[in-house]
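Chemist: heads up, no residue letters with this:
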């Protein structure tokens, strides 16, 4: 794969991932959305389908990694670091692009994020649409959660390569998508399961600059946890896989 193919593939694939993922969060969160308050199960499946669509789209160009934690895990296992920066750059640009696209899809709902004159309902904080927010703010516990959840993502992804024919058949992407749904349902409750540094950081940057009325804070004091945790988790998964398999 050429550097250009990798970059374009990761931009497109990650943008689709974030469009689906942030999109389902917007659908569940925003006033005047038909899916409002439909719940965590809907969010988990929305993110899973985002992985499915993004990874299948990017696979012919870049392999569809779409996540620095996955990229780092593969590099730690294989020792091949030469193209890592291209993957990371494409993922970061794609995550920001996907966040902007989500904003455009829900533009009318974002613009209506003002106090309801009839019910008196307050505007909705919008950061949770774009990035993760812990239910209990405890840096150590939050970091541990992100590390464990990311190992639970990356280690199986690496192990799937041991099954002959799985990658060639295209089933791997479907299985990884279901894995993301499972992580969301099982491990996503404490922090919102970033398990992907650019998935959180790119949209958080976009949220900071978007002209959303009453959008609330972008919470930069927490922002390092969903970046550091998944990076550590991805590296640990690569080390574990390299030692055990």
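Modeler: Alright, I've got the coordinates. What you see is a predicted model; the values in this text were computed from it and never measured.
Chemist: now the residue nearest the centre of the chain: which helix or strand?
Modeler: Nearest to the mean C-alpha position of the chain, by Cα atoms, centre = their mean, lies residue 199 at 3.7 Å. Here residue 199 sits within helix 197-209, counting by DSSP states H and E.
Chemist: just name the shakiest helix or strand of this protein by mean pLDDT.
Modeler: helix 166-169 (a mean of 58; mean pLDDT, DSSP states H and E).
Chemist: need the contact partners of the helix or strand following it.
Modeler: Going down the chain from helix 166-169, the next helix or strand is helix 171-187, by DSSP H and E. With Cβ atoms under 8 Å, 6 or more residues apart in numbering as the test, helix 171-187 has contacts from 40-41, 43-45, 47-49, 51-52, 55-56, 59, 64, 145, 148-149, 152-153, 156-157, 160, 166, 193, 195. Where you see a C-beta, it was placed from the backbone N, CA and C, and this is true even at glycine.
Chemist: one more: stretch 211-223?
Modeler: 103, 110-111, 113-115, 123, 125-127, 131, 133-134, 137, 142, 200-201, 204, 207-208.
Chemist: how about stretch 57-71?
Modeler: Stretch 57-71 is touched from outside by 1, 5-10, 12-14, 16-17, 51, 54-56, 74, 84, 87-88, 90-91, 94, 150, 153-154, 157, 170, 173, 195-199, 230-231, 233-234, 237, with contacts defined as Cβ under 8 Å, 6+ apart.
Chemist: which of the contacts of stretch 211-223 count as buried?
Modeler: 103, 110, 113, 123, 126-127, 131, 134, 142, 200-201, 204, 207 (16 or more other Cβ atoms under 10 Å).
Chemist: give the other helices and strands that the single longest helix found in the chain contacts.
Modeler: Longest helix in the chain, counting residues (DSSP state H): helix 3-29. Under the contact criterion of 3 or more Cβ pairs under 8 Å, 6 or more residues apart in numbering; DSSP states H and E, helix 3-29 touches helix 40-62, helix 84-105, helix 127-130, helix 197-209.
Chemist: give me the angle between that helix and helix 197-209.
Modeler: Using axes from the mean of the first three to the mean of the last three Cα atoms, to 10 degrees, one finds that helix 3-29 and helix 197-209 are set 60 degrees apart in direction.
Chemist: tell me the angle of helix 3-29 relative to helix 40-62?
Modeler: Orientation check (the same axes, to 10 degrees): helix 3-29 against helix 40-62 gives 170 degrees.
Chemist: would you mark the buried spots in helix 3-29?
Modeler: So helix 3-29, judged by 16+ other Cβ under 10 Å, has buried residues 5-29.
Chemist: sorry, back to before: doesn't residue 21 make contact with the residue nearest to the centre of the chain?
Modeler: Yes. Between residue 199 and residue 21 there is a contact at 7.1 Å, judged by Cβ atoms under 8 Å.
Chemist: do you know how far residue 138 is from residue 219?
Modeler: Using Cβ to Cβ, to the nearest Å, residue 138 is found at 15 Å from residue 219.
Chemist: of those two, which one has the most company?
Modeler: Between residue 138 and residue 219, residue 219 has the larger neighbour count (other Cβ atoms under 10 Å), namely 18 against 13.
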